[in-house]
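1. give me the fold of what follows.
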Amino acid sequence: MESQLSDIRREYKKNKLTKENLSNNPFEQFQHWLDDALHSGEEEPTAMIVATVSADGHPSTRTVLLKGVENGKIIFFTNYESRKGQQLADNPYISLSFVWHKLERQIHIEGKAVKCSPEESDAYFATRPYKSKIGARISPQSHVIGSRMEIMRAFAFEAAKWAGQTIKRPDNWGGFTVTPTRFEFWQGRESRLHDRFLYTLEKDDNWKKERLAP
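-> Next up, the predicted model:
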């Protein structure tokens with residue numbers, strides 16, 4: 001007999017967190033856990049769930065790839081005319097979640113997003129594979145299209161147009177930098193008594209570290 005969804009459960013036993021074994025700086029702790037994820041065999045260790053809120057208060061989520069952690073900021077790239085891009089234009093507050101199943105870990109981050117400079121977006125765009133550059137130029141991300149054939153034809157046309165040339169970044173595509181004000185580190189434990197630690201940014205730019213109930 002097929003199992004019921006309510007019957008699916010497992011115990012988390014791989015690790016534990018204490019206040020003493022966590023860095024006082026959440027970025028250092030984030031980098032430590034990201035390094036673990038990169039070497040753990042996770043399918044997509046840099047995948048993060050991005051949550052935004054529309055101007056009228058409706059939330060939405062999607063998954064994007066982390067592309068950098070620099071100078072206290074978390075960086076990703078997208079189409080500025082996509083749903084998330086438009087929502088961030090109206091409301092720059094954002095949350096990010098990383099889920100690493102093999103490590104039984106999660107990180108949840110909240111902060112404020114601003115666009116990268118054109119120069120920063122150009123520099124990253126130049127590193128993208130050829131086909132990804134073409135895709136960024138022709139995809140009206142999040143907008144309704146008539147068929148897959150429509151987008152494939154647009155791709156073929158654009159690829160022919162730029163053959164043998166340096167592909168230019170479209171103005172509607174670029175990066176966001178997220179400045180965090182809140183980090184939560186979650187480690188699965190037995191009996192659902194998970195370890196959760198919260199970092200909150202204080203006015204003096206120090207981080208307050210506290211244990212949360214599971």
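2. what about the helices in the protein?
-> Secondary structure of the chain (DSSP state H): helices at 26-38, 83-90, 118-125, 130-138, 148-161.
3. look up phi and psi at the closest residue in space to Lys133 that isn't next to it in sequence.
-> Distances taken as C-beta to C-beta, 6 or more residues apart in numbering place Ile167 nearest to Lys133, at 4.3 Å, with adjacent residues excluded. Backbone N, C-alpha and C define where each C-beta goes, glycine included. Backbone torsions of Ile167, given as degrees, to the nearest 10, read phi -80, psi 130.
4. need the contact list for the residue most central in space within the chain.
-> Nearest to the geometric centre of the chain sits Met48, at 3.3 Å (C-alpha atoms, centre = their mean). Met48 makes contact with 63-66, 76, 96-98, according to C-beta atoms under 8 Å, 6 or more residues apart in numbering.
5. which one of those sits closest to Thr127?
-> Comparing these against Thr127 with C-beta to C-beta places Leu65 closest, at 13.1 Å.
6. touching, that closest one and Pro45? I think so.
-> No - with contacts counted by C-beta atoms under 8 Å, Leu65 stays clear of Pro45, the gap being 9.7 Å.
7. neighbour count winner among those two?
-> Ranked by neighbour count (other C-beta atoms under 10 Å), Leu65 and Pro45 place Pro45 first, with 21 against 12.
8. pretty sure that one is touching Leu34, no?
-> Yes - using C-beta under 8 Å, Pro45 is in contact with Leu34, at 7.1 Å.
9. re earlier: now the contacts of Met48 as TSV including distance to Asn15?
-> As requested, the contacts of Met48 are arranged in TSV below (distance: C-beta to C-beta, whole Å):
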residue	distance to Asn15
Thr63	24
Val64	27
Leu65	25
Leu66	22
Phe76	27
Leu96	22
Ser97	19
Phe98	15
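10. about what we covered before: quick one: the residue nearest to the centre of the chain and Thr18, what's the gap?
-> Distance from Met48 to Thr18, counting by C-beta to C-beta, to the nearest Å: 26 Å.
11. sheet partners, orientation included, of the longest strand seen in the chain?
-> Identified as the longest strand of the chain according to DSSP state E is strand 173-187. Here strand 173-187 is paired, per DSSP bridges, with strand 73-79 (antiparallel), strand 105-115 (antiparallel), strand 195-201 (antiparallel).
12. got any ranges where this protein has weak pLDDT?
-> Filtered on pLDDT under 70, the chain yields the residue ranges 1-3.
13. ok, now which ones touch the closest residue to Lys84 other than its chain neighbours?
-> Spatial nearest neighbour of Lys84, excluding adjacent residues (C-beta to C-beta, 6+ apart): Thr52 at 5.0 Å. Thr52 makes contact with 59-60, 83-84, 87-88, 91, 94 under the criterion C-beta under 8 Å, 6+ apart.
14. let's see 6 Å
-> By C-beta atoms under 6 Å, 6 or more residues apart in numbering, Thr52 lies in contact with 84, 87-88, 94.
15. do Thr181 as well
-> 111, 201.
16. before we move on, what about Asn15?
-> Contacts for Asn15 (C-beta under 6 Å, 6+ apart) come out as Gln187.
17. do you know how far it is from Ser117?
-> Asn15 sits 39 Å away from Ser117, going by C-beta to C-beta.
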